[in-house]
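Student: Show me how the following folds:
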Amino acid sequence: MENISSICSSLLLDWKLGVGTKASEIFKRRWSFEFDLAEKNSEENCAWTKSNNPETDIPRNYISIQTDGYREMGEENVKGGPVVPESVLKKQKRNEEWALAKKEELEATKKKRRENGKLIFNRAKLYAKEYDEKQMELIRLKREAKLKGGFYVDPEAKLLFIIRIRGINAMDPKSRKILQLLRLRQIFNGVFLKVNKATVNMLHRVEPYVTFGYPNLKSVRELIYKRGYGKLNKQRIGLTDNSIIEQALGKHGIICMEDLIHEILTVGPHFKEANNFLWPFKLKAPLGGLKKKRNHYVEGGDAGNREVYINELIRRMN
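Tutor: The predicted structure follows:
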């Protein structure tokens, strides 16, 4: 409106002073102004109604272009809002993608955990049923042998548990090397061992320094649950979660504690991997102490093979 007022004022001044024929002719002509309100910003737009003579006409769009162009530019600024840098938009997009990926990963982990939970529960039930059936079969065979006036002889054991009871004083180099191979580097360390000719020969050599026997299900389970540690990335890690076992032995089908116990107790096909995964057990001094560790067990001492009576010693040391 200020532009329109200034134009009109200049035309009036030119006409009064008689400066310029075109300006006076333009002003003398009859001009009509039509004002209307704008739809959005309530600005007054000026529409000029001119005569039919094109020689003396002011361009129709002179004023309208100026006012409309200014208004449209303002509307674009209002509609577009504040300008957001491209780096911020990229960061927002990355955060959204990361959040979506994290959500999908979390859902997949929960789903896998639920499936593993069901699988572990079913396996534990099968193992418990297997142990019960084996125990019932053993009782039945003993009763049959007793009815026939005989004795039932247990099958040869496949699993040994060895405990070191003496230090390195007066120990020959070969015995020391065998104890290192058995991973018995400290007093009261214990390990599981598979019964075969090689292990039996090694045990005969170091018999004065260790005691060993045949552990049962209860002993194996209590040792692994209470004092079990695993070797993962060459580090000693407590067995507090099934995921640790699955990470180390999952490729062998061992994904939980019950799988590990079953593999050790039955000396399964992957006994070597499972036993190497277990860190040597660090037991405490036996409750009540040892009797005479320099003598053999059959002589009233503590060293050597004590067969099933190793379970009583495990209870005292666990």
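Student: quick one: which helix or strand includes the closest residue to Ala145 other than its chain neighbours?
Tutor: Nearest non-adjacent residue to Ala145, counting by C-beta to C-beta, 6 or more residues apart in numbering: Tyr152, 4.0 Å away. The C-beta positions use only the backbone N, C-alpha and C, and glycine is treated the same way. Under the criterion DSSP states H and E, no helix or strand holds Tyr152.
Student: so where do the strands sit in this protein?
Tutor: With strands called from DSSP state E, the chain shows them at 32-37, 44-49, 159-164, 189-194, 210-213, 229-232, 235-238, 281-282, 304-305.
Student: Low-confidence bits of the protein, can you list those?
Tutor: 1-81 (pLDDT under 70).
Student: Any idea which residue is closest to the centre of it?
Tutor: Thr109 (7.7 Å; C-alpha atoms, centre = their mean).
Student: ok, Gly117 to Gly230 distance?
Tutor: 20 Å (C-beta to C-beta, to the nearest Å).
Student: These two - which one has more neighbours?
Tutor: Taking other C-beta atoms under 10 Å, Gly117 and Gly230 do not tie; Gly230 has more neighbours (21 against 12).
Student: So what sits opposite that one in the bridge?
Tutor: On the basis of DSSP bridges, Gly230 is bridged to Ile237, Leu278.
Student: what's near enough to touch it?
Tutor: Gly230 sits next to 236-239, 244-245, 248, 277-279 when contact means C-beta atoms under 8 Å, 6 or more residues apart in numbering.
Student: what would these look like in TSV with neighbour count and distance to Asp259?
Tutor: Formatted as TSV, those follow (neighbours: other C-beta atoms under 10 Å; distance: C-beta to C-beta, whole Å):
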residue	neighbour count	distance to Asp259
Arg236	11	21
Ile237	15	17
Gly238	11	18
Leu239	19	12
Ile244	17	13
Ile245	22	7
Ala248	20	12
Phe277	22	12
Leu278	20	13
Trp279	20	18
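Student: and those residues, which two are the farthest apart?
Tutor: Spanning the widest gap among the contacts of Gly230 are Arg236 and Ile245, at 14.5 Å by C-beta to C-beta.
Student: Which parts of this structure are helices?
Tutor: With DSSP state H, the ranges of helices along the chain come out as 2-17, 21-28, 61-80, 86-147, 173-181, 197-205, 217-227, 242-249, 257-265, 271-277, 310-317.
Student: got a list of what Met171 touches?
Tutor: Here Met171 is in contact with Tyr209 (C-beta under 8 Å, 6+ apart).
Student: Apply 10 Å and report the result again.
Tutor: By C-beta atoms under 10 Å, 6 or more residues apart in numbering, the contact list for Met171 reads 179, 206, 208-209.
Student: Then Phe192?
Tutor: 159-162, 215, 220, 223-224, 264-265, 267, 271, 274-275, 278, 280-281.
Student: Can you flag the buried ones in the residues you listed?
Tutor: 159-162, 215, 220, 223-224, 264-265, 267, 271, 274-275, 278, 280-281 (16 or more other C-beta atoms under 10 Å).
Student: Near Tyr127, how many residues? Count them for me, please.
Tutor: As a burial measure, Tyr127 scores 17 neighbours (other C-beta under 10 Å).
Student: Buried deepest among the strands of the chain, which one?
Tutor: strand 210-213 (a mean of 25; mean count of other C-beta atoms under 10 Å).
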